[in-house]
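Colleague: build me a model:
(one chain, ligands or ions: 1)
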Amino acid sequence: MTKPVYFDFAAATPTDERVIEVMIKCLRLGGCFANPHAKDHVYGWEAAEAVEKAREQVASLVGASPLEITFTSGATESNNLAIFGLAYGLKEKGDKRKHIITSKIEHKAILEACELLEKEGFKVTYLDPTKEGVITCDSVEKAITEDTFLVSIAQANSVLGAISDIHEIASMCHKHNVIFHSDVAQSVGYLKMDYDNSDIDMVSLTCEKVCGPKGVGALYVKKSSALPLKAQIYGGGQEKGLRGGTVATHEVAGMGEAFAILQKEAKSDKARFEKLRARLLDGIKEVPGLIVNGSKTDNLPNILSISFEGVDGHMLLPTLSGIAASTGSACSSANLKPSYILKAVGLSDNTARASIRLSFGRFTTEEEIETAILEITSKVPALVEAGSMWNVKND
Ligand SMILES: Cc1ncc(COP(=O)(O)O)c(C=O)c1O
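Modeller: Now for the predicted structure:
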């Protein structure tokens, strides 16, 4: 069976062979396989060296000091550590503030953490995005009260690719003495970072979107912000007491290498993505019912979210069998629950269901883009026609 062409890089990427090579060296006898916290022998020292090299590589990409990087199991855990760690840490210090500001289009790791805190008496404002999926600095500022201690806004939305200006938002937050956190899972490497020269206090990082392995991430915590973060995983006191558990040397070394490659290649990768996205858009522009979601001016070049008015969403991906993309919708038995992100930017349930996210990356070829164009242009018109026969409404 020929597999469909992979267009789901925003969910996970294939790991770069150069990264795999580094990771394997950390697993084998003869490599740095030992426990990096073992202080009594050379094997442990070598593993610790590999971990610290990775920390430097991560810090170097994002413009931080290695001391400001805490390894975690991914952006989900980093988000949890940032939100719960700060809420509980400040509370322990006697800080009485209870208000958090985030947005309706954040990743579930942020939203569910905030919802849990609400059950404990914290208050959360979930901001509406613009129709393009951007969170404006103005909307954040208007929501700040005396009670606000944290603002958490992602740099780029995972479904739309729309970019919010986190540097501007962070500077505004600082004026109000509010801590700023951002989840940059989708944007790391491609947009402005330089965290130590910014007002951004905490950043959640992962490398699975940039040809690194899954199951590893990091939290950047600005040293000069002196945040009283409370650990969320205990035992062993690793990662300066912020995250217990043996550091997975091969994973963090893989993340370090993925970020080092990104530091060298992001610029050329990004230029290529821009061309691929422009070609893809041009190739499908005549398809009936096409709506391009996200921002026209500030969008990640490797994410394209599109909807087809009048199409039955249940039929869309099964019909586009030559491409492996994502709907962003959650399936529950026969019911296709529309993406909360597409709903938040104003799409109707039907249009949100009739949407796909095509995301690509370092290994996507021009031929694969042509395959996607052919797939969409040859199959969607029939779906639109069928939709009009069945009277699919987009109200
Ligand atoms: C914006 C965003 N945050 C967090 C995550 C979760 O990252 P991880 O798989 O590293 O926990 C993702 C992954 O899809 C994401 O897109």
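
Colleague: give me the residue from this structure nearest the ligand.
Modeller: G74 (2.6 Å; C-beta to the nearest ligand atom). No exception for glycine: its C-beta is placed from N, CA and C like everyone else's.

Colleague: not counting its neighbours along the chain, what's nearest that residue?
Modeller: Leaving aside its chain neighbours, G74 sits nearest to G217 (4.0 Å; criterion: C-beta to C-beta, 6 or more residues apart in numbering).

Colleague: what does Y340 give?
Modeller: Using C-beta to C-beta, 6+ apart and skipping residues adjacent in sequence, the residue nearest Y340 is K104, 7.2 Å away.

Colleague: look up phi and psi at the nearest residue to K123 once chain neighbours are set aside.
Modeller: Spatial nearest neighbour of K123, chain neighbours left out: H99 (4.7 Å); criterion: C-beta to C-beta, 6+ apart. Torsion angles at H99 (phi, psi; degrees, to the nearest 10) stand at phi -110, psi 130.

Colleague: count the neighbours of H99 for me.
Modeller: 18 (other C-beta atoms under 10 Å).

Colleague: dig out what it forms beta bridges with.
Modeller: K123, T148 (DSSP bridges).

Colleague: if I look at it, how far off is T148?
Modeller: Per C-beta to C-beta, to the nearest Å, H99 is found 4 Å from T148.

Colleague: same check on D349?
Modeller: Per C-beta to C-beta, D349 is found 33 Å from T148.

Colleague: thinking again about what came up before, isn't the residue of the chain closest to the ligand up against P213?
Modeller: No. With contact defined as C-beta atoms under 8 Å, G74 does not reach P213; the gap is 9.9 Å.

Colleague: and these two? Which one has more around it.
Modeller: Taking other C-beta under 10 Å, G74 and P213 do not tie; P213 has more neighbours (25 against 22).

Colleague: leaving aside the residues next to it on the chain, what's closest to that one?
Modeller: Here the nearest residue to P213 in space, its sequence neighbours aside, is G254; by C-beta to C-beta, 6+ apart that works out to 4.4 Å.

Colleague: let me know the secondary structure of the one you found.
Modeller: Three-state call for G254 (DSSP: H, G, I helix; E, B strand; the rest coil): helix.

Colleague: pLDDT below threshold where in the stretch 201-350 of the chain?
Modeller: Filtered on pLDDT under 70, the stretch 201-350 of the chain yields the residue ranges 329-335.

Colleague: mind redoing it with 80?
Modeller: Along the stretch 201-350 of the chain, segments meeting pLDDT under 80 span 328-336.

Colleague: and the strands in it?
Modeller: With DSSP state E, counting those that start in this stretch, the ranges of strands along the stretch 201-350 of the chain come out as 202-206, 217-221, 290-292, 303-308, 323-324, 330-332, 335-337.
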